[in-house]
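[1] Provided below for reference: sequence and predicted model.
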Amino acid sequence: KYFDASGFITLPNKTNAPLEQLERYLSLALQPSPHMRELLDSIRETRAPSGDYLALHARFEPEMLNHGMCQEHKVKDLTMVLDQIGSLKDFAELDSLFVAVSIPQMLAPYRYPKNKEIHKKNAESLQKAFKHGLPKSGDSSSNLRLWTGGEEAVEHRVEPCMEQIVSSYINWEIAVEAKAFIGTVTSTWSVAVWKSRYFRGLPNYAYTPEGIVKLEGAPEPFRC
């Protein structure tokens, strides 16, 4: 069963249903509800009214920082990434930075035996950037303002049991529709956003141990 504007609908028997009808039901299942779309539009219009924003998947939460796979591709220093964003001319015309990150995880007590100091530095840099913004390349008069979507934006606006899935949808849409997106090869979420943006003709970037690089062509499959 799926839910559309008229209520729950049941897919017809697969042996009898016309292909066009099955395609319609599949399309309905993949579309966000009007309420979710209104919530997304409200958040974006409030936090980035001009639409000229950059998106960053800041995958620096403690569990990812301590994940053992793909160490040769992993960047652990969020401060370095934020500094590079502010210095790149590619983003000089944009006025804000959407950050897809779990703030509660970044600020929660640290419970891992390794990487404690770099995590502390990352959390402090993130808080500072949200408070003061990032200096933009060649522009001393304005900073790149940071904002989030996610759980903070949907709190008290949807049922508690729906907060995580709705916030994930909002983060996804905001990242996909940004003027530019910066992700990491160590994340399936980043790779999926890159792919969606690639087929829309939108620019993709990656933060790497060598710095932020622009991706050319179709993104590589996730390999970590």
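    Sure thing, it's come through.

[2] Pull the residues that contact the lengthiest helix in the chain.
    Of all the segments of type helix in the chain, defined by DSSP state H, the longest one is helix 116-132. Here helix 116-132 makes contact (Cβ atoms under 8 Å, 6 or more residues apart in numbering) with 58, 60, 62, 65, 76-79, 82, 99, 101, 103, 106-107, 110, 112, 143, 146. (C-beta placed from N, C-alpha, C; glycine too.)

[3] starting at the chain centroid, how far to the helix or strand just after that helix?
    For helix 116-132, the succeeding helix or strand toward the C-terminus, using DSSP states H and E, is strand 134-136. A distance of 20 Å separates the centroid of the chain from that of strand 134-136, by Cα atoms, centre = their mean, to the nearest Å.

[4] beta partners of the residue most central in space within the chain?
    The chain has A100 as the residue nearest its centroid, 4.0 Å off, counting by Cα atoms, centre = their mean. For A100, the beta-bridge partners are H57 (DSSP bridges).

[5] Flag the helix or strand of the chain with the lowest per-element mean pLDDT.
    strand 2-4 (a mean of 46; mean pLDDT, DSSP states H and E).

[6] hmm, back to that, and the contacts of helix 116-132, which are buried?
    Neighbour counting by 16 or more other Cβ atoms under 10 Å classes 58, 60, 62, 65, 76, 78-79, 82, 99, 101, 103, 106, 110, 143, 146 among the contacts of helix 116-132 as buried.

[7] Of the residues you listed, which belong to helices?
    Per DSSP H, helices hold the following members of the buried ones among the contacts of helix 116-132: 62, 65, 78-79, 82, 103, 106.

[8] Widest-spaced pair of the residues you listed?
    P62 and L82 (18.0 Å; Cβ to Cβ).

[9] Which strand or helix spans W194?
    Taking DSSP H and E as the definition, W194 sits inside helix 188-198.

[10] Equivalent analysis for Y207, please.
    For Y207, the host element (DSSP H and E) is strand 204-208.

[11] what's that strand packed up against?
    Using 3 or more Cβ pairs under 8 Å, 6 or more residues apart in numbering; DSSP states H and E as the contact test, the elements touching strand 204-208 are strand 180-183, helix 188-198, strand 211-214.
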